[in-house]
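J.: build the 3D model from these lines:
(4 chains)
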2 protein chains.
Amino acid sequence: MKLITRNTDYALRALCYISKNKNIVTVDELVEKLGVPRPFMRKILQRLNKRKILDSFKGQGGGFRLKALPEKIYVIEIMRIFQGKVVLNRCFLKKDVCPNKGKCVLRKKIGIIEDNLFKQLKEITLASLA
Amino acid sequence: MKLITRNTDYALRALCYISKNKNIVTVDELVEKLGVPRPFMRKILQRLNKRKILDSFKGQGGGFRLKALPEKIYVIEIMRIFQGKVVLNRCFLKKDVCPNKGKCVLRKKIGIIEDNLFKQLKEITLASLA
DNA sequence: ACAAATGAGACTAATATGGTATCATTAATC
DNA sequence: GATTAATGATACCATATTAGTCTCATTTGT
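T.: Residues are numbered from 1 along each chain as shown, chains lettered A, B, ... in the order given. Predicted coordinates:
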């Protein structure tokens, strides 16, 4: 079980690198620095662009740049982009079967853990990583 | 992203049910109560037996029974059985490429979160769920 | 002997993750 | 305006994990 997937990990490291450069950064530069397969890196960056984390510039001299301040970019947001909604507190039983609907202790306990996890993740910004 | 898989969820609910019965419980009874597919339930119980969480009895009148006290059965242990070691704090970069080996802030942060998660999970026993 | 239970293990299906390949579009430069 | 260097979009493939099935063997009470 892992909290962070490769996708997210690469994205975060790419963002860290970009945040340290005032200039525009190209895919090739990131590929060289991080050793991530080029097409994969591209896909990740494109996704970050679509989700308004990055700005992109086409054509010669183009590349990527942060769209927001590193202080405003949250790790949990990047996780959501690549790993979907982070929901731990789910019941797998069919609703009509679950023997204690409404007051399931397991779900409650997991819910509390989830809340704590969120609180911690929400405090981690790109700025705090760099 | 989910913290707990179906496997684990079913296992926990089965264990809860079993813990409330002094008698031996059969697969069929659990299947009826929880609405989980029979062969899947069997597999889960067999695994719990192998890992010494349950005792099993073959033949007519057989079934399953808790091997330890509910106070001594930890949710994290069940998670490990069905989801493998719970390790969140991993770096995906090749070791010789990682730009800040040893002092990677991301890993440190995730490490702290992991520790907290563990602490919480370790406190949840089967007894506390029932 | 028979029936009712679990043990073992191979097999299949569905989903998520990781990764590739190709062609289109844009913009600077010559 | 042609070339070139960049990203955009998207379809596709590979691998791993999770979920689930099927079948036959073994045990044990009646």
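J.: tell me the secondary structure at residue A:17.
T.: Of the three states, residue A:17 takes helix according to DSSP: H, G, I helix; E, B strand; the rest coil.
J.: report the contact partners of it.
T.: Counting by Cβ atoms under 8 Å, 6 or more residues apart in numbering or on different chains, residue A:17 touches A:25, A:30, A:33, A:34, B:99. Just so you know, the C-beta spots here come from the backbone N, C-alpha and C atoms, and that holds for glycine as well.
J.: buried sites along the worst-scoring helix or strand of chain A on mean pLDDT?
T.: Between all helices and strands in chain A, the lowest mean by mean pLDDT, DSSP states H and E belongs to helix A:105-122, at a mean of 87. By 16 or more other Cβ atoms under 10 Å in any protein chain shown, the buried positions in helix A:105-122 come out as A:106, A:107, A:109, A:110, A:113, A:114, A:117, A:120, A:121.
J.: ok, the residue nearest the centre of chain A to chain B distance?
T.: For chain A, the residue nearest the mean C-alpha position is residue A:78 (1.8 Å; Cα atoms, centre = their mean). Applying Cβ to the nearest Cβ, to the nearest Å, the value for residue A:78 to chain B is 11 Å.
J.: please, where are all the helices along chain A?
T.: Ranges of helices in chain A, per DSSP state H, are A:6-20, A:27-34, A:38-50, A:75-83, A:105-122, A:126-129.
J.: on that earlier part again, could you confirm whether the least confident helix or strand of chain A reaches chain B?
T.: Yes. Using Cβ under 8 Å from any Cβ of the partner chain, helix A:105-122 reaches chain B at A:105, A:106, A:109, A:110, A:112, A:113, A:114, A:116, A:117, A:120, A:121.
J.: for that helix, packing partners?
T.: Applying 3 or more Cβ pairs under 8 Å, 6 or more residues apart in numbering or on different chains; DSSP states H and E, one finds that helix A:105-122 makes contact with helix A:75-83, helix B:6-20, helix B:105-122, helix B:126-129.
J.: and chain A, which of its residues are near DNA strand D?
T.: Residues of chain A lying near DNA strand D by Cβ under 7 Å from any atom of the strand: A:1, A:26-28, A:42-43, A:45-46, A:49-50, A:56-64, A:92.
J.: can you do 10 Å?
T.: Contact residues, chain A versus DNA strand D (Cβ under 10 Å from any atom of the strand): A:1-2, A:24-31, A:38-43, A:45-50, A:54-64, A:90, A:92.
J.: PyMOL command for the buried members of the residues you listed?
T.: Command for PyMOL, covering only those of the residues of chain A next to DNA strand D found buried under the criterion 16+ other Cβ under 10 Å:
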select buried, chain A and resi 1+2+25+27+29+30+31+41+45+47+48+54+63+64+92
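J.: so which of the residues of chain A next to DNA strand D are also by DNA strand C?
T.: Of the residues in the residues of chain A next to DNA strand D, proximity to DNA strand C by Cβ under 10 Å from any atom of the strand holds for A:2, A:38-43, A:46, A:57-62.
J.: ok and the residue in chain A nearest DNA strand D?
T.: Residue nearest to DNA strand D within chain A (Cβ to the nearest atom of the strand): residue A:56, separated by 3.1 Å.
J.: show me what that residue bridges to in the sheet.
T.: With beta bridges defined as DSSP bridges, residue A:56 has these partners: residue A:64.
J.: please report the distance of it from residue B:50.
T.: Distance, residue A:56 to residue B:50, by Cβ to Cβ, to the nearest Å: 52 Å.
J.: now swap in residue A:60 and tell me
T.: To residue B:50, residue A:60 is 62 Å away according to Cβ to Cβ.
J.: one more: residue A:14?
T.: For residue A:14, the distance to residue B:50 equals 43 Å [Cβ to Cβ].
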